[in-house]
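**Student:** With the input below, show me the fold.
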Amino acid sequence: MAAIINPRKVAIVGCGFVGSASAFALMQSGLFSEMVLIDVDHDRAEGEALDIAHGMAFGSPMNIYAGDYSDIDDAAITVITAGANQAPGETRLDLVNKNVAIFKSIIPQIAERDYQGILLVVSNPVDILTYVALKLSGMPANRVLGSGTTLDTARFKYALGEHLGVDPRNVHARIIGEHGDSEIAAWSLANISGIPLNDFCELRGHTDHQRNMDRIAEEVKNAAYEIIKKKRATYYGIAMTVNASARPSLEMRSLFSPCPTTSTASTACTTSCCPCPRSSAPAASSTRCPLKSTRRKPSSSRLRPPRCDRSSTSWTCSVPRLPVPLQPHKARAFRSKR
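**Tutor:** Predicted coordinates for the structure are as follows:
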C-alpha cells in the first residue's frame, strides 16, 4: 500500500552543485519541515546536510538528513538533480547518453516503491530526461514534471529588466520550447506591467527594436555557456528555480489525490479511488467524502476544493477548472468597458 504523503517533506536525489544549492534554497523557503538528501556518495550527502543544518538558527526549522530511497516514500516532491556536469564547450544534448544511463539506475528504485508524490526533474537535458523519467517510472504525466524553460524565462526577464531599467518582477515575458539552443523568445507576449514591450522601449528611448531583440535573445540562450566558461558550473539560478517551482507543485498535488487503481489523476473519480487510499473504510458509509476530508486546504485562493456528491453506494468527486487570471492590460480594458 502506498505511504501516506507528508506535504511538508521533500527529497533531493543528487548532491552536487545543483542539488546542494537547491537544498539550501528550499531550507530558506520555509515550505518544508523535513528534507532527505540522497547521493551515490553517502558521505557527500551527509556533509551537505550537516552544513545546511548548522545555519538553521538563521533560517526555517527543518529536519534535514542524508538517507536512501526508502526515505522518499512519503515525500511530497522528489527533486532529481543527479547527472553529469556540463563542461565548457558542451551543449546540454551532449549529456544525454551519460545522464540517461544515470537515470536508469535511479528512477526504477523510485518506481518500485509505488511512489505517490511528484517527481521534479532538473538534470540536463531536462526535456529528454523528464520524458525518460516518465517512461521508466510508469507514473502519470501530471506527477512527472521538468524545470523546462523556467530558468530561461527568469534570465529573459532579467535581461529585459537590465535593458529597460525596471524590476524584473514587472517584466512579463516567456521563453518557450526546449531548454537549450532551440529555445524561442515569445516576443509577442512580452509586456512591462501590461504595457506592450515596444511601446515601453520607445518610452525609454530604445527604437532599434529588432537589433535589441536579437541581442537579448542570444544573450539568454548563451547565458549558461558564459557562466560555465567563467566558473565551470551554474547552480544558484536553477536552485531558485527549484524553489519557485516547489510551491505550485505542492498546490497542484493538493488538488489531485493519488489514485492507486488508475494511471492518471483525472478530474473525476468514483469508488475506485474514493475514499482516499489513506482510508480503507467504505466511502458510502460516511456523511462526508473521505477525499475532501483528507485534503489539505489549498493555500491559494485560485485553487478550488473538489465537489463531492454522494449516492447510495459511492462518492463521485470532481475538481472544478481553475479560473485563468486576466493579463494586466486585458483587466484594464475589461474595467473600462464596464
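
**Student:** what's the closest non-adjacent residue to residue 29?
**Tutor:** Computed as Cβ to Cβ, 6 or more residues apart in numbering, the closest residue to residue 29 that is not its neighbour in sequence is residue 243, at 5.1 Å. The way it works is simple: take the backbone N, C-alpha and C, and place the C-beta from them, glycine included.

**Student:** Let me see the ranges of the helices in this structure.
**Tutor:** Here the chain has its helices, by DSSP state H, at 17-29, 42-53, 96-111, 126-137, 150-164, 197-203, 209-221, 223-231, 236-255, 290-294, 328-337.

**Student:** how about these in JSON lines, adding mean pLDDT?
**Tutor:** Shown next, in JSON lines, are the helices of the chain (pLDDT from 0 to 100):
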{"stretch": "helix 17-29", "mean pLDDT": "96"}
{"stretch": "helix 42-53", "mean pLDDT": "97"}
{"stretch": "helix 96-111", "mean pLDDT": "95"}
{"stretch": "helix 126-137", "mean pLDDT": "96"}
{"stretch": "helix 150-164", "mean pLDDT": "97"}
{"stretch": "helix 197-203", "mean pLDDT": "96"}
{"stretch": "helix 209-221", "mean pLDDT": "97"}
{"stretch": "helix 223-231", "mean pLDDT": "94"}
{"stretch": "helix 236-255", "mean pLDDT": "85"}
{"stretch": "helix 290-294", "mean pLDDT": "46"}
{"stretch": "helix 328-337", "mean pLDDT": "52"}
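
**Student:** okay, those in TSV with distance to residue 72 and mean neighbour count next?
**Tutor:** Listed next are the helices of the chain as TSV, based on distance: least, Cβ to Cβ, whole Å; neighbours: other Cβ atoms under 10 Å:
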stretch	distance to residue 72	mean neighbour count
helix 17-29	14	23
helix 42-53	13	17
helix 96-111	7	16
helix 126-137	12	20
helix 150-164	23	21
helix 197-203	43	16
helix 209-221	34	15
helix 223-231	28	15
helix 236-255	15	19
helix 290-294	21	18
helix 328-337	40	11
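
**Student:** could you redo the ones you listed as JSON lines and give each row distance to residue 143?
**Tutor:** Below are the helices of the chain laid out as JSON lines (distance: least, Cβ to Cβ, whole Å):
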{"stretch": "helix 17-29", "distance to residue 143": "19"}
{"stretch": "helix 42-53", "distance to residue 143": "24"}
{"stretch": "helix 96-111", "distance to residue 143": "11"}
{"stretch": "helix 126-137", "distance to residue 143": "9"}
{"stretch": "helix 150-164", "distance to residue 143": "18"}
{"stretch": "helix 197-203", "distance to residue 143": "35"}
{"stretch": "helix 209-221", "distance to residue 143": "30"}
{"stretch": "helix 223-231", "distance to residue 143": "27"}
{"stretch": "helix 236-255", "distance to residue 143": "8"}
{"stretch": "helix 290-294", "distance to residue 143": "17"}
{"stretch": "helix 328-337", "distance to residue 143": "32"}
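
**Student:** Would you tell me which of the ones you listed gets closest to residue 70?
**Tutor:** Taking Cβ to Cβ as the measure, the helices of the chain were each checked against residue 70, and helix 96-111 came out nearest at 9.4 Å.

**Student:** okay but residue 59 is in contact with residue 25, surely?
**Tutor:** No - if you go by Cβ atoms under 8 Å, residue 59 and residue 25 don't touch, sitting 10.6 Å apart.

**Student:** Identify the contacts common to these two.
**Tutor:** By Cβ atoms under 8 Å, 6 or more residues apart in numbering, residue 59 and residue 25 have no common neighbours.

**Student:** centre of the chain versus stretch 86-106, how much separation?
**Tutor:** Centroid separation between stretch 86-106 and its chain, computed with Cα atoms, centre = their mean, to the nearest Å, is 20 Å.

**Student:** measure that stretch end to end?
**Tutor:** 20 Å (Cα to Cα, to the nearest Å).

**Student:** For that stretch, give me every contacting residue.
**Tutor:** By Cβ under 8 Å, 6+ apart, the list of residues contacting stretch 86-106 reads 13, 80, 82-84, 123-126, 128-129, 132-133, 136, 179-181, 224-225, 228-229, 232-233.

**Student:** Now the nearest residue to residue 221 once chain neighbours are set aside: phi and psi?
**Tutor:** Leaving aside its chain neighbours, residue 221 sits nearest to residue 183 (6.0 Å; criterion: Cβ to Cβ, 6+ apart). With angles defined as degrees, to the nearest 10, residue 183 sits at phi -60, psi 160.

**Student:** Burial check on residue 183, number of neighbours?
**Tutor:** Neighbour count of residue 183, defined by other Cβ atoms under 10 Å: 18.

**Student:** what's the answer for the one 4 residues further on, then?
**Tutor:** Using other Cβ under 10 Å, residue 187 is surrounded by 16 other residues.

**Student:** separation between it and residue 40?
**Tutor:** To residue 40, residue 187 is 43 Å away according to Cβ to Cβ, to the nearest Å.

**Student:** And residue 129, by the same measure?
**Tutor:** Separation of residue 129 from residue 40 (Cβ to Cβ): 17 Å.

**Student:** quick check: longest strand of the chain.
**Tutor:** Using DSSP state E, we find that the single longest strand of the chain is strand 6-13.
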